[in-house]
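**Q** Sequence first, then the predicted structure:
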Amino acid sequence: MKCALVTGGSRGIGSAICEKLAEDSDYHILINYHSNKKAAEETLEAVVAKGATGEILQFDVANFNEVQSVLMQWQEANPKAVVEVIVNNAGITKDGLFMWMSQEDWSSVINTSLNGFFNVTNFFMQKMLRNKYGRIVNMVSLSGVKGTAGQTNYSAAKGAIIGATKALAQEIAKRNITVNAVAPGFIKTDMTSGLDETELIKMVPLNRFGEADEVADLVSFLVSKKASYITGEVININGGIYS
């Protein structure tokens, strides 16, 4: 059984990626969620409706021991399963000016995005290397590429993953494993629902927010065989803001 794991797969861009992989690939979809079980179950229903198989896995990507424990149990229960695709999508924002930022708001954002990438990817790394095939896609952000005022913590976390993406890509390319990052701009999701769309659209040359499906299409391409010669890249998908 060949599997694709999507962290933070229950809602928004993560959920759209799960559905798109169900549509475009033969992977068994592992949908990770932290707290919203109902949303994860709805994503699983959508995956099954598209003719794929899948299951939900609950763990907090920021918690190393929890990640190890849940994934170890899953691997033992599915000894023949091979995770070929990892989409590190889980992330949180706790926006605010740096001068007022609490240590907790700094650490929780860094832990979820950056340590989450390490905790999940590192668990599968040796298996992927032995298997001599893999696709890792790290969801970053416009904030990680250009920096966004009021998001120093989030920009730091995503910028760090961009550096990790480029380094890891070089380490494991010989084993036919690609590592890329996808940097969305303003995409219509719960995460952006509180933003003033009419004001922000003025910054976007394409004059609209993106759709989660459009990001999912890009991820689906990167994890496919068609993207075999693309690695270490950061691909912006932001309607031309950063061009």
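**A** Received, thanks.
**Q** Please enumerate residues in contact with the stretch of helix or strand Asn32 belongs to?
**A** According to DSSP states H and E, Asn32 maps onto strand 28-33. Applying C-beta atoms under 8 Å, 6 or more residues apart in numbering, the contact partners of strand 28-33 are 1-10, 14, 18, 21-22, 39-40, 43-44, 47, 52-59, 61, 74, 81, 83, 90, 120. For the C-beta atoms, the positions are set from N, CA and C on the backbone; glycine is no exception.
**Q** OK, contacts around the residue most central in space within the chain?
**A** For the chain, the residue sitting closest to the mean C-alpha position, by C-alpha atoms, centre = their mean, is Asn89 at 1.9 Å. Neighbouring residues of Asn89 by C-beta under 8 Å, 6+ apart: Val6, Thr7, Gly8, Gly9, Ile13, Gly14, Ile17, Met139.
**Q** Just the closest of these to Phe186, please.
**A** Ile13 (11.9 Å; C-beta to C-beta).
**Q** right, and that closest one touches Ala212 too?
**A** Yes - counting by C-beta atoms under 8 Å, Ile13 touches Ala212, with 4.8 Å between them.
**Q** In terms of neighbours, single out the busier of those two.
**A** More crowded of Ile13 and Ala212, by other C-beta atoms under 10 Å: Ile13, with 28 against 20.
**Q** Would you mind measuring from the more buried one to Pro184?
**A** As defined by C-beta to C-beta, to the nearest Å, Ile13 lies at a distance of 7 Å from Pro184.
**Q** so what's in contact with these two at the same time?
**A** Common contacts of Ile13 and Pro184 (C-beta under 8 Å, 6+ apart): Met139, Val215.
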